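> below: sequence and its predicted model.
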Amino acid sequence: MPRDSALISALESVLSRELGGSVTIKELQKLTAGASQETYRINIVTDKGDRSLALRRAQPTGDSDSGVGGLSLATEARLIQLANAGGVPGPEILYVLQADDGVGSGFVMEWLEGETLGQRINRSEELADIRPQLARECGRTMARIHSLDWQAAGLAEALPSVDPAALVEETFAIYLDLSVPMPMIDYTWRWLRDKLPGESRRTLVHGDFRNGNLMVSPAGIRAVLDWELAQVGDPVRDLGWICVNSWRFGNGHLPVGGFGTIDDLLAGYREVSGVEVSLEQLTFWQVFGSFWWSIITLQMAMAWRKGEAPSLERPVIGRRSSEAQMDCVNLLLPGSFELPDMTRVLAEGTRLPMPAELLEGVVDFLRDTVAEQVKGHERFLARVAANSLGIAQRELCHGPRLEQAELARLSSLLGTAGSLDALRTELSSRLRDGLSLEAPGLQEHLRQTVAGQLAIDQPGYSALSRST
């Protein structure tokens with residue numbers, strides 16, 4: 001039971017009034033506590049028996065009730081209610097909190113049971129029978145979301161309206177503000193700008209429909225979660241986002257969430273909407289999804305570097321940018337590349353043991369001993385720490401050789417000499433100024449550079465399976 005007895009008392013009063021009869025909170029368990037929102041499970045005792053509910057509320061220290069995407073929690077609740085009425089699976093909203101309730105901004109909803117972790121959705125034996133049907137069900141569910149009448153529901157003023165061209169430029173502007181030259185990001189921006197979709201439908205878009213934001217049971221999708229990025233825009237964005245490799249959780253060969261095929265996804269969508277989505281449309285938004293994620297991970301790492309978001313996880317998330325960049329490589333300029341053997345700890349030098357060997361022992365201890373002796377969030381953090389040290393170890397072992405090779409390629413490509421940072425900046429600048437995307441040696445350089453960086457950051461990521 002949390003120490004905040006005032007919250008418990010206020011909740012009991014609200015629930016007694018809204019549910020009718022006496023309500024006693026038996027357990028109030030905080031499940032998540034992000035920068036802007038908290039999620040609780042509430043186990044209550046009522047005159048009619050025990051019951052579980054869920055509470056989502058804004059952080060009490062925050063200045064507003066806005067969620068991650070800028071939508072208020074009250075708007076999110078209205079979206080879930082609209083979705084439920086339109087046949088989209090989700091929890092029943094029981095009550096939207098008011099200012100005089102003394103609980104804060106947010107809402108109380110029905111508690112649902114099901115699996116929400118992407119890796120378990122893709123691997124659980126309990127879900128083995130439903131997995132082959134999930135891609136088609138996702139397509140049908142998105143079609144229902146895109147048919148919802150947000151205007152009749154009075155949400156026109158509450159939802160942002162998103163134009164594809166503006167979205168590409170706004171995302172690129174975030175990258176420019178970071179002043180971290182990543183030429184593959186510049187290349188992808190150029191491609192997206194050249195391939196912008198023409199006139200497209202404008203519908204309600206979930207904005208974060210992916211494996212990890214679905215609740216799944218053996219019967220199928222139980223709930224579509226996390227509506228805080230909802231918007232009005234091109235509905236194919238949702239279809240492309242669920243195909244982004246970052247959300248396949250290791251099952252890169254199954255493009256829809258790591259559990260299904262694009263044919264099934266589009267068939268399910270067509271079945272409900274009657275709309276035929278082309279592979280060209282889907283690919284644009286799939287590329288955009290990886291482009292967006294490659295930049296947002298860098299933005300999160302920069303916030304950590306500035307001290308704005310202290311976290312063990314944030315700097316490691318920053319290293320995930322190379323995953324998304326490699327996904328763009330495979331979509332836009334596929335081909336072969338060569339990598340060093342990342343399974344070997346190089347022990348060159350006269351000292352015994354060498355720094356990389358010392359790190360090897362600490363990584364093994366964190367992963368194989370500490371993580372197995374603790375539970376919950378502490379176990380997760382132990383694995384994050386092991387992963388962080390593993391990146392540093394690979395950087396020590398292989399980084400200098402990869403950087404030397406990158407510098408040689410850049411000097412040849414640009415026809416000039418300079419430091420690695422200076423030449424990376426120069427290539428990014430030339431791409432922004434109109435360097436041909438077909439310039440001799442450019443695609444090979446980008447492919448090899450991003451693959452090398454990813455081999456340091458996450459050598460097991462599925463996008464590297466195309467190496468020579």
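In hand now; what should we look at?

> which element, helix or strand, includes Ala223?
strand 220-224 (DSSP states H and E).

> return the distance of the very next helix or strand once past that strand from the chain's centre.
Sequence order places strand 231-233 as the next helix or strand after strand 220-224, per DSSP H and E. Chain-centre distance of strand 231-233: 19 Å, with Cα atoms, centre = their mean, to the nearest Å.

> check which element follows strand 231-233 along the chain.
Strand 231-233 is succeeded, C-terminally, by helix 236-241 (DSSP H and E).

> convert that following helix to CSV, retaining C-alpha atoms only.
Coordinates of each C-alpha in helix 236-241 appear next as CSV, following Å, rounded to 0.1, in the frame of the first residue of the first chain:
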residue,chain,number,x,y,z
VAL,A,236,-1.4,4.3,-43.6
ARG,A,237,1.0,5.7,-41.0
ASP,A,238,-0.5,3.2,-38.5
LEU,A,239,-0.1,0.3,-40.9
GLY,A,240,3.5,1.2,-41.6
TRP,A,241,4.3,1.7,-37.9
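
> what comes into contact with it?
Outside of helix 236-241, the residues within contact range by Cβ atoms under 8 Å, 6 or more residues apart in numbering are 139, 142, 145-146, 197, 200, 205-210, 247, 265-266, 269, 277, 281-289. Bear in mind the C-beta positions are built from the backbone N, C-alpha and C, glycine included.

> so which of those residues are in helices?
Secondary structure from DSSP state H places 139, 142, 145-146, 265-266, 269, 281-289 of the contacts of helix 236-241 in helices.

> and the strand holding Ala223, what does it pack onto?
helix 131-146, strand 214-217 (3 or more Cβ pairs under 8 Å, 6 or more residues apart in numbering; DSSP states H and E).

> which residues of this protein fall in strands?
23-33, 37-46, 49-58, 93-96, 106-110, 203-205, 214-217, 220-224, 231-233 (DSSP state E).

> between these, which one is nearest to Leu15?
Closest to Leu15 of the strands of the chain is strand 23-33 (Cβ to Cβ; 4.2 Å).

> hang on, Met182 packs against Ala324?
No - using Cβ atoms under 8 Å, Met182 makes no contact with Ala324, being 10.4 Å away.

> off-centre distance for the lowest-mean-pLDDT helix or strand in the chain?
When the helices and strands of the chain are scored by mean pLDDT, DSSP states H and E, helix 355-365 comes last with a mean of 82. Distance, stretch centre to chain centre, for helix 355-365: 30 Å (Cα atoms, centre = their mean).

> packing partners for that helix?
Judged by 3+ Cβ pairs under 8 Å, 6+ apart, helix 355-365 is in contact with helix 376-414.

> mind listing what's buried in the helix it packs on?
By neighbour count with 16 or more other Cβ atoms under 10 Å, helix 376-414 contains the buried residues 381-382, 384-398, 402, 405-407, 409-410, 413-414.

> can you count the residues close to Arg144?
By other Cβ atoms under 10 Å, 17 other residues sit near Arg144.

> quick one: buried residues of stretch 420-439?
Quick answer for stretch 420-439 (16+ other Cβ under 10 Å): 423-428, 430-431, 435, 437.

> now Gly49: how far from Leu112?
Relative to Leu112, Gly49 is positioned 18 Å away (Cβ to Cβ, to the nearest Å).

> more neighbours: which of these two?
Leu112 (17 against 7).

> which residues touch that one?
So Leu112 contacts 91, 215, 222-223 (Cβ under 8 Å, 6+ apart).

> still on that earlier bit, would JSON lines of the helices and strands packed on strand 220-224 with distance to Val362 be doable?
Output for the helices and strands packed on strand 220-224, formatted as JSON lines (distance: least, Cβ to Cβ, whole Å):
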{"stretch": "helix 131-146", "distance to Val362": "37"}
{"stretch": "strand 214-217", "distance to Val362": "36"}
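
> and the ones you listed as TSV, adding mean pLDDT and distance to Gln231?
Below are those laid out as TSV (pLDDT from 0 to 100; distance: least, Cβ to Cβ, whole Å):
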stretch	mean pLDDT	distance to Gln231
helix 131-146	98	12
strand 214-217	97	19
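
> compare the ones you listed and give me the one nearest Leu28.
With distances scored as Cβ to Cβ, the stretch of those nearest to Leu28 is strand 214-217 (21.0 Å).
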